[in-house]
Every structure is written in C-alpha cells, then in structure tokens.
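1. here you go, sequence then predicted model.
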Amino acid sequence: MLSEDESLVTLFSTSKGDPILQQYGVDSLEPGERAILLSQSAAQQLHVKVGGELSLTVFRRRDGIDESHRIMVKLKGIVPSQSDAGRSGYANAQLLSQIEQYVRGYAVSELGLPAMAG
C-alpha cells in the first residue's frame, strides 16, 4: 500500500543519445549515473524539481518473502507532459540492470542492496 507521499512510476531504459529524449532537450543521463528523468506529470505529483532527490523503493518477492529497499536518486530533468500518457520516467540502462539484479535476489553493492534473505 502506498502512502500519500508515494506514487508508482514506470521507469524506462535509456542511454546517451536517446532520440526520443533528445527531441525534448533532456538527454542528460550519463552511464552509471544514479539519476532519473521524470515526466512532467510525475514530477508534479511527487513535488520534486530538477536537482532534487527522490527515494526509489524497489520490491521483490521470493518463496513468500517480501522485501523492499530504498535507493536515493537525483532528478536530472523533466520530460514534457505531451510526450507520455502517465507517470513515467527514464533511467540509464546500467541503473535498471542493477535494480533487476536486486529483484532477482542478488546483492548489488553499488546501490547498497543486500542479497535475498533466507
């Protein structure tokens, strides 16, 4: 269950030179950077501005055990609302790969995420 100050945001993978983001002038994520871009609607709902920090909560479940951990990221840019239909954002492929490793049960030392308990 999400509290009032939490919101689900779908993150899409991107990399330097992304033509979709270039057309909006927000192609600014560097490889390995712990930062994201958000849609205008997501940034407004989360009350965050460029340069601000966000707490991402990542979830996983295995064998009936639920776990979640938080990752702090910086908001590097805002994608205009007309470019998406909802609350979405972009993260570099490396960050999303690290999150995927966590979801699969592995430790991700770069993000301070432990291996699955049990």
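-> All right, it came through fine. Numbers count the residues shown, from 1 in each chain.
2. let me know the pLDDT of the closest residue in space to P114 that isn't next to it in sequence.
-> Once flanking residues are discounted, P114 sits nearest to A107: 5.4 Å by C-beta to C-beta, 6 or more residues apart in numbering. C-beta coordinates here come from the backbone N, C-alpha and C atoms, glycine included. Looking at A107, its pLDDT stands at 95.
3. tell me the SS of Q98?
-> Secondary structure state of Q98, per DSSP: H, G, I helix; E, B strand; the rest coil, is helix.
4. so it touches L111, yeah?
-> Yes - using C-beta atoms under 8 Å, Q98 is in contact with L111, at 5.5 Å.
5. comparing those two, which residue is more hemmed in?
-> Q98 (22 against 19; other C-beta atoms under 10 Å).
6. list the contacts of the more buried one.
-> 108, 110-111, 113 (C-beta atoms under 8 Å, 6 or more residues apart in numbering).
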